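Q: sequence plus the predicted model coming up.
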Amino acid sequence: MNSNLSRLLAVAQKPERRIIGLMSGTSLDGLDVALCRFSGHGAATRVVVEHFATVPYSAAIQENIRRVFAQDTVELQHLTLLHAWLGTTHADMVLQCLAQWNVLPAEVDAIASHGQTVFHAPKHQHGLPDWPNATLQLGDADHLAVRTGILTLSDFRQKHVAAGGQGAPLAVYGDYLIFSQPGEDRLLLNLGGIANFTYLSGSLDAAAVFSTDTGPGNTLLDAFVRELYPGKHFDENGALAAQGQISRELLTALLDHPFFAAPIPRTTGPELFSAAYVRTAQHRSGTTSLPPHDLLATLTAFSATSIAGAVRQAFPTLPALTIYASGGGMHNPVLMAALQQALSSCRFSTTAALGISPDAKEAVLFAILANETLVGEALPIGHGEQVVPAVSLGKISFPS
Ligand SMILES: Nc1ncnc2c1ncn2[C@@H]1O[C@H](COP(=O)(O)OP(=O)(O)OP(=O)(O)O)[C@@H](O)[C@H]1O
Ligand SMILES: CC(=O)N[C@H]1[C@@H]2OC[C@@H](O2)[C@@H](O)[C@@H]1O[C@H](C)C(=O)O
């Protein structure tokens, strides 16, 4: 048998596998690296996070990504170079983590690389009737595989799109496998740059499961903190927003967009929820001279209100849900307090209570996707409009 295929077979047949999940999200704060140990697959998946680190993105890396990130027009040479360069940069970050953890690359069975989303274009957002849903992640996985010597799975979103999805959220597959719990209706709420949630029924009914993006999480807060407070990158502990007053006029204008009435599931990104989106809403509501603290208070309320709105849209008579938060926004007490107030009948916790660090969760989820592709079967989840494509996800890059 071809040596690459026998290597693949050997990994699939191992009783346990070590898979590194890599995620660098819309916040561009760094690469999340989670070294996970797996046994089983599907409903029998067991995962232990052996090590986790976020390797921060330098200002240069951020700048190189921002030149194309969510931009309508880009320099094609830069985009091309960035694809290869991010692949090698992510490879070096993985090698750096492994060295720190005293783990040899040969002791790792696979890498699951999300890559860097640079443009997300679901049909409802690009608005071009003859063109499909589309999404683009950079950081070529052949570079990762060759440089690390580790089998690499990547580009998980394309199959989802090819099979009729919008390319996101993908968290639903892993959430379903590792967080379902008989007797508890759960929402797994990720507060990243963009916020999303997965619903898991306490009846363990796979057909009832769905997930959706809700709109902005931290992305607008980060953008305006960077602009209004040079040197700061985010509203640490909500300290800036806490000093402001919410502008009801601006909040109403921000919420006045068809995205918030579109059927669930829906996905989005900073292509829509950008500084320009906020400025347009400010003009419409006559709030262009809002003081910075008030603007941040209003943007925090915008995230909380749109998340709560999506939850209520999905569950008009809100059942007794337990919400398990993850992602950077859960460290923002102003955002969390607003969410708890808007969804006061829900119980709030974090994925730490379920054994997965909230900061590591998304990286772990991509490792789960790779484990399923290597040893599992495509999972039937959801139903009707909310069906989740039952496909294996990711492309396989061999080191040689
Ligand atoms: N202590 C804190 N106080 C307030 N906000 C925080 C804190 N820590 C992190 N954040 C927010 O979390 C963000 C990072 O979140 P995270 O790493 O989950 O995003 P991401 O993975 O890039 O996003 P996405 O899930 O959209 O891809 C930061 O940019 C910041 O806005
Ligand atoms: C296109 C893209 O990269 N989307 C991300 C982003 O970050 C959060 C939200 O928007 C979510 O839809 C998705 O990531 C998570 C991991 C997901 O697919 O579940």
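A: Everything's here; your move. Ligands and ions are numbered 1, 2, ... in the order given.
Q: can you give me the helices in the stretch 151-300 of the chain?
A: With DSSP state H, counting those that start in this stretch as the criterion, the stretch 151-300 of the chain has helices at 157-162, 171-179, 219-228, 248-255, 275-285, 292-314.
Q: and those helices, which is most packed in?
A: Burial of the helices of the stretch 151-300 of the chain is given as mean neighbour count (mean count of other C-beta atoms under 10 Å); helix 171-179 ranks first at a mean of 24. C-beta coordinates here come from the backbone N, C-alpha and C atoms, glycine included.
Q: is ligand 2 within reach of that one?
A: Yes: contact of helix 171-179 with ligand 2 (C-beta under 6 Å from any ligand atom) involves residue 171.
Q: which positions in the stretch 101-250 of the chain make contact with ligand 1?
A: Going by C-beta under 6 Å from any ligand atom, the residues of the stretch 101-250 of the chain near ligand 1 are 190, 192-194, 218, 221-222, 234-238.
Q: which among the residues you listed end up buried?
A: 190, 192-194, 218, 221-222, 234-235, 238 (16 or more other C-beta atoms under 10 Å).
Q: mind giving me the packing neighbours of the longest helix anywhere in the chain?
A: Taking DSSP state H as the criterion, the chain has its longest helix at helix 76-100. In terms of contacts (3 or more C-beta pairs under 8 Å, 6 or more residues apart in numbering; DSSP states H and E), helix 76-100 is packed against strand 16-24, strand 30-39, strand 46-56, helix 59-66, strand 110-121, strand 134-138, helix 141-148.
Q: how far off centre is that helix?
A: Relative to the mean C-alpha coordinate of its chain, helix 76-100 is positioned 19 Å out (C-alpha atoms, centre = their mean, to the nearest Å).
Q: for stretch 353-366, same thing?
A: For stretch 353-366, the distance to the chain centre is 11 Å (C-alpha atoms, centre = their mean).
Q: send me it as PDB with only the CA atoms.
A: Only the C-alpha atoms of stretch 353-366 are listed here, as PDB (Å, rounded to 0.1, in the frame of the first residue of the first chain):
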ATOM      1  CA  ALA A 353     -17.700  23.200  34.200                       C
ATOM      2  CA  LEU A 354     -17.800  20.600  31.400                       C
ATOM      3  CA  GLY A 355     -14.100  20.000  31.500                       C
ATOM      4  CA  ILE A 356     -13.000  22.100  28.600                       C
ATOM      5  CA  SER A 357     -11.200  25.400  29.100                       C
ATOM      6  CA  PRO A 358     -13.400  28.200  27.500                       C
ATOM      7  CA  ASP A 359     -10.300  29.700  25.900                       C
ATOM      8  CA  ALA A 360      -9.300  26.300  24.300                       C
ATOM      9  CA  LYS A 361     -12.800  25.300  23.200                       C
ATOM     10  CA  GLU A 362     -12.700  26.300  19.500                       C
ATOM     11  CA  ALA A 363      -9.200  24.800  19.000                       C
ATOM     12  CA  VAL A 364     -10.400  21.500  20.600                       C
ATOM     13  CA  LEU A 365     -13.500  21.500  18.300                       C
ATOM     14  CA  PHE A 366     -11.300  21.400  15.200                       C
END
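Q: in that stretch, what counts as buried?
A: Buried residues in stretch 353-366 (16+ other C-beta under 10 Å): 354, 356, 358-366.
Q: and if you look at stretch 333-342?
A: Within stretch 333-342, the residues that qualify as buried are 334-336, 338-339, 342, counting by 16+ other C-beta under 10 Å.
Q: give the buried residues for the longest helix of the chain.
A: Buried, per 16+ other C-beta under 10 Å, within helix 76-100: 79, 82-83, 85-87, 89-91, 93-94, 97-98.
Q: tell me if that helix is near ligand 2.
A: No: on the criterion C-beta under 6 Å from any ligand atom, helix 76-100 is out of touch with ligand 2, staying 14.0 Å away.
Q: contact partners of that helix?
A: 20, 22, 24, 31, 33, 35, 51, 53, 55, 61, 64-65, 67-68, 104-105, 108, 111, 113, 115-116, 118, 138-144, 147-148, 150 (C-beta atoms under 8 Å, 6 or more residues apart in numbering).
Q: between it and helix 141-148, how many degrees?
A: 40 degrees (axes from the mean of the first three to the mean of the last three C-alpha atoms, to 10 degrees).
Q: average pLDDT across helix 76-100?
A: Per-residue pLDDT over helix 76-100 has a mean of 98.
Q: run the angle between it and strand 110-121 for me.
A: Orientation check (the same axes, to 10 degrees): helix 76-100 against strand 110-121 gives 150 degrees.
Q: tell me the angle helix 76-100 makes with strand 16-24.
A: Going by the same axes, to 10 degrees, helix 76-100 makes 140 degrees with strand 16-24.
Q: could you find the closest non-adjacent residue to the residue in the stretch 51-200 of the chain positioned nearest to ligand 1?
A: When distances are taken as C-beta to the nearest ligand atom, the stretch 51-200 of the chain reaches nearest to ligand 1 at residue 192, 1.9 Å away. Nearest non-adjacent residue to residue 192, counting by C-beta to C-beta, 6 or more residues apart in numbering: residue 327, 4.2 Å away.
Q: what residues does this protein have near ligand 2?
A: Checking the chain against ligand 2 by C-beta under 6 Å from any ligand atom, the hits are 25-26, 117, 120, 135, 167-171, 192-194, 196, 213, 267, 269, 362.
Q: filter the residues you listed down to the buried ones.
A: 25-26, 117, 120, 135, 167-171, 192-194, 196, 213, 267, 269, 362.
Q: I'd say residue 326 and residue 196 touch.
A: No: Residue 326 is beyond contact range of residue 196, at 10.3 Å (criterion: C-beta atoms under 8 Å).
Q: pull up the overlap in contacts between the two.
A: Counting by C-beta under 8 Å, 6+ apart, the residues touching both residue 326 and residue 196 are 189-190.
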